[in-house]
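Trainee: Have a look; sequence and predicted model below, questions after that.
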Amino acid sequence: MAQPRILKPADNAHQYQLLIKRLLMSGPRYNPDQEIVYADRSKYTYKDLVERIHRLANALTDAGIKPGDTVAVMDWDTPRYLECFFAIPMIGAILHTVNVRLSPEQIVYTMNHAEDDAVLVHDDFLPIIEGVKDEIKTVKTWIQVTDSDKPGNASFDTHGEYEALLAGASDHFDFPDFDENSVATTFYTTGTTGNPKGVYFSHRQLVLHTLSMAGSISHFDEMPLLRSSSVYMPVTPMFHVHAWGVPYAATMMGIKQVYPGRYEPELLVDLLKEHKVSFSHCVPTIMQMMMATESIKTADLSNWHVLIGGSALTKGLCDAGAKLGIKIFTGYGMSETCPLLSTTHLTPADFELPLEQQTAIRVKTGKAVPMVELEIVDPDGKPVPHDGEAKGEVVARAPWLTQSYFKQPDKGEELWEGGWLHTGDVASMEPDNTLTIKDRIKDVIKTG
């Protein structure tokens with residue numbers, strides 16, 4: 001049987017690995033003076049970001065962190081978290097983004113299960129840790145994070161405070177090359193039964209997800225969510241699926257980023273107004289809270305584009321947003337998928353439709369983004385017709401889907417039955433490949 005041809009490279013040809021450090025190259029190159037803002041507290045430039053990432057890498061290494069170790073982070077949405085998105089995996093360690101909304105018992109479970117070696121913990125979460133620290137088995141190093149002049153009083157020994165450690169560290173780190181399939185990040189799903197399950201993603205997966213995301217939400221004229229002139233502010237937690245992966249894309253593109261810290265609806269709206277934020281991703285509940293503020297009444301939201309996910313976008317919320325001038329789109333994914341699978345896709349003709357008809361399109365789950373295959377299948381795994389009526393389970397293939405559950409190979413085999421990742425979502429698909437989620441499969445796979 002004939003085979004495709006593979007040619008032998010030159011002996012000195014460089015085998016370029018898709019590593020997260022590659023995503024840090026272009027933003028500072030194009031826009032070294034572009035701003036990264038922390039709420040109403042501080043701001044610095046992309047040039048500063050690179051220096052701080054180097055300092056953090058040295059501080060972690062000085063603290064004994066080595067390649068293959070797992071470093072957990074418990075913080076709000078801050079530039080510090082962005083620095084951790086890069087520095088931790090760039091030294092070859094694994095970033096564990098801890099879901100701080102879990103119960104203390106579940107936080108203990110995830111830290112022990114992930115075998116965390118170090119934890120960066122914000123003062124606000126010290127009471128949680130102090131109540132369960134004796135149950136956390138593998139952590140050897142604690143680093144405090146604070147927004148005050150002085151760190152809070154911890155009842156246990158810490159290696160030091162984040163900013164002080166950065167100030168005392170070298171501003172140059174020689175980030176190594178290594179296999180692109182090395183694990184870069186991990187976090188835990190919050191299913192309806194049992195303990196959370198650990199998903200994990202490699203450098204290669206995160207780079208490919210970033211490239212696809214940047215293309216899908218910036219390439220189409222009808223969906224200009226992330227452009228070089230954009231101002232980005234996340235309104236979903238950074239612990240949740242890498243803030244949907246957008247911080248990586250925004251940094252690669254060198255755009256202005258605004259990090260709001262702890263979510264306070266009035267502050268979020270004030271930041272929108274002050275910095276003329278043009279793109280956010282959000283869950284419906286937070287959007288509703290922001291739309292209920294007094295500040296929203298005097299805000300010009302005509303340039304604010306919002307990608308809604310996490311739960312279904314209702315027609316009521318979409319219409320209410322449109323009346324305020326907000327451009328709302330739907331995104332679909334899950335913890336296991338890194339997360340992006342599909343987005344709303346409107347054509348130029350769709351924008352000429354009456355508001356009610358536009359809304360009907362915007363609330364649909366949308367079309368698969370580049371490099372994603374979506375199918376709907378019956379209980380036997382056979383595709384059902386794409387007629388907008390027949391329903392089946394959504395299954396997916398893409399280069400960035402978690403390959404199993406950490407330490408739970410049996411659950412991983414269930415997830416990947418038949419060579420497709422099973423989402424547990426029931427949907428229909430139209431002839432033009434537009435997906436609409438209808439329901440959840442009960443008692444099949446409990447995913448986040």
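Mentor: Yes, it's here.

Trainee: how about the CA coordinates for stretch 49-66, as PDB?
Mentor: Provided in PDB are the C-alpha atoms of stretch 49-66 (Å, rounded to 0.1, in the frame of the first residue of the first chain):
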ATOM      1  CA  LEU A  49       5.500  41.700  31.700                       C
ATOM      2  CA  VAL A  50       8.400  39.900  30.100                       C
ATOM      3  CA  GLU A  51      10.800  41.100  32.800                       C
ATOM      4  CA  ARG A  52       8.400  40.000  35.500                       C
ATOM      5  CA  ILE A  53       7.900  36.500  33.900                       C
ATOM      6  CA  HIS A  54      11.700  36.100  33.900                       C
ATOM      7  CA  ARG A  55      11.900  37.200  37.600                       C
ATOM      8  CA  LEU A  56       9.100  34.800  38.500                       C
ATOM      9  CA  ALA A  57      10.800  32.000  36.800                       C
ATOM     10  CA  ASN A  58      14.000  32.700  38.800                       C
ATOM     11  CA  ALA A  59      12.000  33.100  42.000                       C
ATOM     12  CA  LEU A  60      10.300  29.700  41.500                       C
ATOM     13  CA  THR A  61      13.600  28.000  40.700                       C
ATOM     14  CA  ASP A  62      15.200  29.600  43.700                       C
ATOM     15  CA  ALA A  63      12.300  28.200  45.800                       C
ATOM     16  CA  GLY A  64      13.200  24.700  44.600                       C
ATOM     17  CA  ILE A  65      10.700  24.300  41.800                       C
ATOM     18  CA  LYS A  66      12.000  22.100  39.000                       C
END
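
Trainee: Helices along this protein, start to end?
Mentor: Using DSSP state H, the helices found in the chain span residues 26-30, 46-62, 79-90, 104-114, 126-132, 162-167, 203-216, 246-253, 265-275, 284-291, 315-323, 355-362, 409-415.

Trainee: Output those in JSON lines, with distance to Asp174 and mean neighbour count appended to each entry.
Mentor: Where C-beta positions appear, they are placed from N, C-alpha and C, glycine not excepted. Shown next, in JSON lines, are those (distance: least, C-beta to C-beta, whole Å; neighbours: other C-beta atoms under 10 Å):
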{"stretch": "helix 26-30", "distance to Asp174": "17", "mean neighbour count": "16"}
{"stretch": "helix 46-62", "distance to Asp174": "9", "mean neighbour count": "21"}
{"stretch": "helix 79-90", "distance to Asp174": "11", "mean neighbour count": "25"}
{"stretch": "helix 104-114", "distance to Asp174": "27", "mean neighbour count": "18"}
{"stretch": "helix 126-132", "distance to Asp174": "33", "mean neighbour count": "16"}
{"stretch": "helix 162-167", "distance to Asp174": "18", "mean neighbour count": "17"}
{"stretch": "helix 203-216", "distance to Asp174": "17", "mean neighbour count": "22"}
{"stretch": "helix 246-253", "distance to Asp174": "20", "mean neighbour count": "24"}
{"stretch": "helix 265-275", "distance to Asp174": "35", "mean neighbour count": "19"}
{"stretch": "helix 284-291", "distance to Asp174": "40", "mean neighbour count": "18"}
{"stretch": "helix 315-323", "distance to Asp174": "47", "mean neighbour count": "17"}
{"stretch": "helix 355-362", "distance to Asp174": "47", "mean neighbour count": "16"}
{"stretch": "helix 409-415", "distance to Asp174": "35", "mean neighbour count": "15"}
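
Trainee: For those helices, give me CSV that also has mean pLDDT and distance to Ser182.
Mentor: Listed next are those as CSV, based on pLDDT from 0 to 100; distance: least, C-beta to C-beta, whole Å:
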stretch, mean pLDDT, distance to Ser182
helix 26-30, 97, 22
helix 46-62, 99, 16
helix 79-90, 99, 8
helix 104-114, 98, 16
helix 126-132, 97, 28
helix 162-167, 98, 25
helix 203-216, 97, 6
helix 246-253, 98, 16
helix 265-275, 97, 36
helix 284-291, 96, 34
helix 315-323, 94, 40
helix 355-362, 92, 39
helix 409-415, 98, 19
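
Trainee: Nearest residue to Thr236 in space, please, no chain neighbours.
Mentor: Spatially, and ignoring its direct neighbours in sequence, Thr236 is nearest to His281 (5.5 Å; C-beta to C-beta, 6 or more residues apart in numbering).

Trainee: The one you found bridge partners, please.
Mentor: Leu307 (DSSP bridges).

Trainee: residues contacting it?
Mentor: Residues in contact with His281, defined by C-beta atoms under 8 Å, 6 or more residues apart in numbering, are 234-236, 243-244, 246, 306-309, 331.

Trainee: and these, which are buried?
Mentor: The neighbour-count criterion (16 or more other C-beta atoms under 10 Å) marks 234-236, 243-244, 246, 306-309, 331 among the contacts of His281 as buried.

Trainee: Would you mind giving those residues as CSV with distance to Thr436 added?
Mentor: Below are those laid out as CSV (distance: C-beta to C-beta, whole Å):
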residue, distance to Thr436
Pro234, 26
Val235, 24
Thr236, 22
Ala243, 26
Trp244, 20
Val246, 24
Val306, 20
Leu307, 17
Ile308, 15
Gly309, 15
Gly331, 14
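
Trainee: Spatially nearest residue to Phe178 (excluding sequence neighbours)?
Mentor: Closest residue to Phe178 apart from its sequence neighbours, by C-beta to C-beta, 6+ apart: Gly92 at 5.8 Å.

Trainee: where does the one you found land on pLDDT?
Mentor: On the pLDDT scale, Gly92 is placed at 99.

Trainee: Surely it touches Ala184?
Mentor: No. Assessed by C-beta atoms under 8 Å, Gly92 is found out of contact with Ala184, at 9.2 Å.

Trainee: Now stretch 1-8 - C-alpha only, PDB.
Mentor: Only the C-alpha atoms of stretch 1-8 are listed here, as PDB (Å, rounded to 0.1, in the frame of the first residue of the first chain):
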ATOM      1  CA  MET A   1       0.000   0.000   0.000                       C
ATOM      2  CA  ALA A   2       1.400   3.400  -1.000                       C
ATOM      3  CA  GLN A   3       2.400   5.700   1.800                       C
ATOM      4  CA  PRO A   4       2.800   9.500   2.000                       C
ATOM      5  CA  ARG A   5       6.400  10.600   1.700                       C
ATOM      6  CA  ILE A   6       8.500  11.900   4.600                       C
ATOM      7  CA  LEU A   7      11.800  13.500   3.600                       C
ATOM      8  CA  LYS A   8      14.900  13.400   5.800                       C
END
